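A.B. asks: here is my input, please return the structure:
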Amino acid sequence: MINRKNILPLLNDKLLSEETRERAEKIILTIALLSFFIHLGIIYLLKFNFIELSTNSELLENPISAVYTPFSFILIYEVYLLIYYLPKSFTTYITKQYEIITLIIIRKLFKDLSSLELSSNWFEIKGDLQFTYDIVASVLLFYLIFLFLKQGKRKIDTEEGMNPVIEGFVKKKKLIAVILVPLFFFMALYTSINWFTGNSLSPSELKPFQSINNLFFDEFFTILILVDVVLLLISFFYTNKFHKIIRNSGFVISTILIRMSFGVSGIISTILIVVAVLFGLAILTIHNNYEKNTFPTE
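C.D. replies: Predicted coordinates:
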C-alpha cells in the first residue's frame, strides 16, 4: 500500500523527472519533424492538384508556412518545460513564459513570410507593417530575455544557502506542477479535438488565422495567472519581505499583460508583450538590487 506521504514524490518522479523530460523531448521533437513533412506534403499535393480542399487557408499556400506546424509542437514542449521548472526555480518558470510568447511571435513570422508583398509601399501594407512590428519585437524580446536570465542567475547565486523553511514552499510548488501536467495535457487534447472536429464538419469555414495563432495559449495563460496568484498567496506564509512580495506581484501583472495581448491584434498586441517582459525585467532587477543592499536590522 502506498503511503500518502509518498504520493507526491512518486507523481513528481513520474511526471517531472529528468528522465521524463528527456523522453518527452524526443517524442515531441520527432512528432514536430514528422508534422513538418506532412504539412509540406499537403501543400505540394494541393499545388499540383493531386488533392482538393474547399479552403484557402493561409497555412496551405506557401511551403514556408509549413514551419508553423513543427513550431506548434515545440511550443507544446516549452509549456511542459515551464511546468517542469516551476518547483525548481521561480525565475526560470517566468522566463519560460517569456520564451513561449516570443516563440509564438516567431511562429507567426514564418506564416507572414509566406505572404509578404515586396513593394515600395511596404509601410502602407497592413500585413507587411505587422511583420515589421513582429520582427523588431522578436529581436527586442530575445535581448530582454537574455537580461532577465542574467538577473535570474544572480538571484540563484545568492540563494545557494537557502533557508530550510523554503522547502515547504517548494513542496507546494511541486504539488501545483503535478496538477498542471495532466491539466495541460487535457486542455491541449480538448482544444485540438475541438478545432479538428469543427474544421472537418465545415472545412470551407476555417477559423481566421488570429484565432488559430492564439489556439490553446489564451486559455493556458489564463491558468498561469491563477497559478501565479496562488503562488503569491502561498508565499505570504514563508516571507513578509516587501521586495519579495513586490517581485511576485509584479510577475503576476506581467503574466496578465501577456494574456491581454491575446485579446487584441496588431501593434497593440505586440506592445503589450514587450511591455510585459520589460516590466518583469525591471521588477527582477530592482528586487535583486534591493536584496543586495538590504541589511538585517538589530
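
A.B. asks: check the offset of the helix or strand Ile7 falls within from the chain's centre.
C.D. replies: Element membership of Ile7 [criterion: DSSP states H and E] is helix 4-16. Between the centre of helix 4-16 and the centre of its chain there are 25 Å (C-alpha atoms, centre = their mean, to the nearest Å).

A.B. asks: C-terminal to that helix, what's the next element?
C.D. replies: Per DSSP H and E, the first helix or strand lying C-terminal to helix 4-16 is helix 18-47.

A.B. asks: excluding chain neighbours, what is closest to the residue nearest the centre of the chain?
C.D. replies: By C-alpha atoms, centre = their mean, the chain has its centre lying nearest to Ile100, at 2.8 Å. Residue nearest to Ile100 in three dimensions, not counting chain neighbours: Glu78, with 5.0 Å by C-beta to C-beta, 6 or more residues apart in numbering. For every residue, glycine as well, the C-beta is placed using N, CA and C.

A.B. asks: got the confidence number for that neighbour?
C.D. replies: Glu78 is assigned 91 on the pLDDT scale.

A.B. asks: go on, Asn199?
C.D. replies: In this model, Asn199 is scored at 53, pLDDT.

A.B. asks: same deal with Phe220?
C.D. replies: pLDDT for Phe220: 86.

A.B. asks: now for it, which secondary structure element holds it?
C.D. replies: Assigned by DSSP H and E, Phe220 belongs to helix 217-235.

A.B. asks: also Tyr238?
C.D. replies: Tyr238 belongs to no helix or strand, assigned by DSSP H and E.

A.B. asks: so what's the residue count around the residue nearest to Ile100?
C.D. replies: By other C-beta atoms under 10 Å, 17 other residues sit near Glu78.

A.B. asks: so where do the helices sit in the protein?
C.D. replies: Shown for the chain, the helices assigned by DSSP state H span residues 4-16, 18-47, 68-85, 90-113, 126-158, 166-201, 209-213, 217-235, 242-261, 267-292.

A.B. asks: still on that earlier bit, does the residue nearest to the centre of the chain touch Leu75 like I think?
C.D. replies: Yes: Ile100 is within contact range of Leu75, at 6.3 Å (criterion: C-beta atoms under 8 Å).

A.B. asks: shared neighbours of these two, anything?
C.D. replies: Common neighbours of Ile100 and Leu75 (criterion: C-beta atoms under 8 Å, 6 or more residues apart in numbering): Phe217.

A.B. asks: neighbours around His287, how many?
C.D. replies: Neighbour tally, His287, other C-beta under 10 Å: 21.

A.B. asks: isn't it right up against His243?
C.D. replies: Yes: counting by C-beta under 8 Å, His287 does reach His243; the two are 5.2 Å apart.

A.B. asks: gap between the residue nearest to Ile100 and Gly280?
C.D. replies: 17 Å (C-beta to C-beta, to the nearest Å).

A.B. asks: what do you get for Ile286?
C.D. replies: Distance from Ile286 to Gly280, counting by C-beta to C-beta: 11 Å.

A.B. asks: which one's more surrounded, those two?
C.D. replies: A count of neighbours by other C-beta under 10 Å puts Gly280 above the other of Ile286 and Gly280, at 27 against 15.
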